[in-house]
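1. Next come a sequence and a model predicted from it.
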Amino acid sequence: MLINVYKVPVDKVSQTYLPPIITFVTDIMVKPSEKSVFQYLRIFIELIIRLQVLQAIVIQSKRLVMIQLGKLNQLEVLKEVDFGMYLDGGEDEILLPQKYIPEKTQVGDLLSVFIYRDSEDRLIATTQQPLAYVGDLAYLKVVDTNQYGVFLDWGLLKDLFVPFSEQNKKMVVGNYYVVKVIIDEQTDRIIASARIERFLKYIPEGLVENQAVELLPFEYTDLGVKTVINGEFLGVLYHNEVFKPVPLGAPIKGYIKKLRSDQKVDVSLTKSGYEEVLDSKEELWKKLNEYKGYLPLTDKSEPEAIYALVQMSKKNFKKAVGGLFKERKITLQEDGIYLLSDE
């Protein structure tokens, strides 16, 4: 959010106001007798007015200042006081409290600061960096609650507020939740929302099946895990596609499994189709060579044990075993898989 934007081009000011001033001074020095006293008086008054306008414009002709609430800003130190330093915020000066001032900072220096509002709605700067900025998704811990909502630890002295209206379910102190950092339109304060889906696009434009994407799991459901796809779209990772722990708030690599007719998107942790089988076969072949030609896995092994050794689902593991067996590269025994020699 831009708090203030103001700029007047100084070169245009000079082109408009300086030539008449130069002309007036030249007339007095070169042709002092060609004008009457009243003419000089009129010109002098005009000169005073032009100088006053020029002074006012120059004062306002500061560099472009864009104050972005909830973001890092590069601001100039204007003055120092007993309790901190005031930074150039355009029309307003923004306080940087004493405890956040880097050593050897002087008036005129540029500082990288985070801008937020205090309890009295004043803009405040800090050199501390939060765990998330406005627009970010983050996995944060609830540290306190009151009659209006809960508070999250986001790395700053002032905790991040989540009103009850921005919660899908009751948020409990001590638990972590995926939230989006936003600016409340009513109060102009930085808050967080756990209603992730309302910030996502429902039409999956630009996505294709089998495309590699980044997934951010944010909610467990009876069907599986809801995820954010590439920070923009809603996806569902079904239970039968999950063969390893999927913690909330931790980005993972995934793939678009299916683009459904109802605009919903199914995702997977592995590729699908023939390409998936090829990748699984290659990976299993590498693991057999890495483990000196033997893996203690069979078709009766638990999915967790399979993933722990070869990082693939049991479904893909069985396909890879079948492919390598048909190619006569492995032999299957009761105690596991053995790599056949090339002889």
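-> Sure thing, it's come through.
2. Ranking helices and strands of this structure by mean pLDDT, which lands last?
-> Lowest on mean pLDDT, DSSP states H and E among the helices and strands of the chain sits helix 10-30, with a mean of 55.
3. Share the number of residues neighbouring residue 310, please.
-> When neighbours are counted by other Cβ atoms under 10 Å, residue 310 registers 21. Every residue, glycine included, has its C-beta placed from N, CA and C.
4. and if you look at residue 51?
-> Neighbour number of residue 51 under other Cβ under 10 Å is 12.
5. In three-state terms, label it for me.
-> Following DSSP: H, G, I helix; E, B strand; the rest coil, we place residue 51 in the helix state.
6. quick one: it and residue 42, what's the gap?
-> 15 Å (Cβ to Cβ, to the nearest Å).
7. Could you do residue 225 as well?
-> Taking Cβ to Cβ, one finds residue 225 at 81 Å from residue 42.
8. Also residue 297?
-> Relative to residue 42, residue 297 is positioned 100 Å away (Cβ to Cβ).
9. Just list the residues touching the most centrally placed residue in the chain, thanks.
-> When Cα atoms, centre = their mean is applied to the chain, the residue found nearest the centroid is residue 136 (3.8 Å). For residue 136, the contact set (Cβ atoms under 8 Å, 6 or more residues apart in numbering) comprises 180-181.
10. same deal with residue 169?
-> Per Cβ under 8 Å, 6+ apart, neighbours of residue 169: none.
11. What pLDDT is listed against it?
-> According to the prediction, residue 169 has pLDDT 93.
12. would you say it is within a strand?
-> No: applying three-state DSSP, one finds residue 169 to be coil, outside a strand.
13. what's the spacing between it and residue 195?
-> 10 Å.
14. cool, and residue 238?
-> According to Cβ to Cβ, residue 238 stands 23 Å off from residue 195.
15. Next: residue 52.
-> Residue 52 is 54 Å from residue 195, by Cβ to Cβ.
16. for residue 145, same thing?
-> Distance from residue 145 to residue 195, by Cβ to Cβ: 18 Å.
17. Same check on residue 114?
-> Using Cβ to Cβ, which is the criterion applied here, residue 114 is 24 Å from residue 195.
18. So if I had to pick from these two, which one is more boxed in?
-> Just comparing residue 114 and residue 195: by other Cβ under 10 Å the higher neighbour count belongs to residue 114, 22 against 14.
19. Show me what the more buried one is bridged to.
-> In this entry, residue 114 is beta-bridged to residue 72, residue 126, by DSSP bridges.
20. In this structure it contacts residue 129, no?
-> Yes: Residue 114 lies in contact with residue 129 (Cβ atoms under 8 Å); the separation is 6.3 Å.
21. for residue 322, helix, strand, or coil?
-> Residue 322 falls in the helix class when you classify it by three-state DSSP.
22. Share the number of residues neighbouring it, please.
-> Neighbour count for residue 322, taken as other Cβ under 10 Å: 14.
23. Just give the strands next to the strand or helix carrying residue 214 in its sheet, each with its orientation.
-> Assigned by DSSP states H and E, residue 214 belongs to strand 212-220. Here strand 212-220 has these sheet partners by DSSP bridges: strand 224-229 (antiparallel), strand 252-259 (antiparallel).
24. how about that strand as PDB, C-alpha atoms only?
-> Taking C-alpha atoms only, strand 212-220 is exported to PDB below (Å, rounded to 0.1, in the frame of the first residue of the first chain):
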ATOM      1  CA  ALA A 212       6.100 -29.300 -12.200                       C
ATOM      2  CA  VAL A 213       4.800 -26.800  -9.600                       C
ATOM      3  CA  GLU A 214       5.500 -25.600  -6.000                       C
ATOM      4  CA  LEU A 215       3.000 -26.700  -3.500                       C
ATOM      5  CA  LEU A 216       2.300 -25.100  -0.100                       C
ATOM      6  CA  PRO A 217       0.100 -27.400   2.100                       C
ATOM      7  CA  PHE A 218      -2.100 -25.300   4.300                       C
ATOM      8  CA  GLU A 219      -5.000 -27.500   5.600                       C
ATOM      9  CA  TYR A 220      -5.700 -31.100   6.200                       C
END
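25. Distance from the chain centre to stretch 100-119, please.
-> 22 Å (Cα atoms, centre = their mean, to the nearest Å).
26. Report the rounded mean pLDDT for that stretch.
-> 92.
27. first to last residue in it, what's the distance?
-> Start and end residues of stretch 100-119 are separated by 18 Å (Cα to Cα, to the nearest Å).
28. Repeat that for stretch 192-202.
-> Stretch 192-202 stretches 21 Å from its first residue to its last (Cα to Cα).
29. can you check stretch 128-143 too?
-> 19 Å.
30. Give the buried residues for that stretch.
-> For stretch 128-143, the neighbour count (16 or more other Cβ atoms under 10 Å) marks 130-134, 136-140, 142 as buried.
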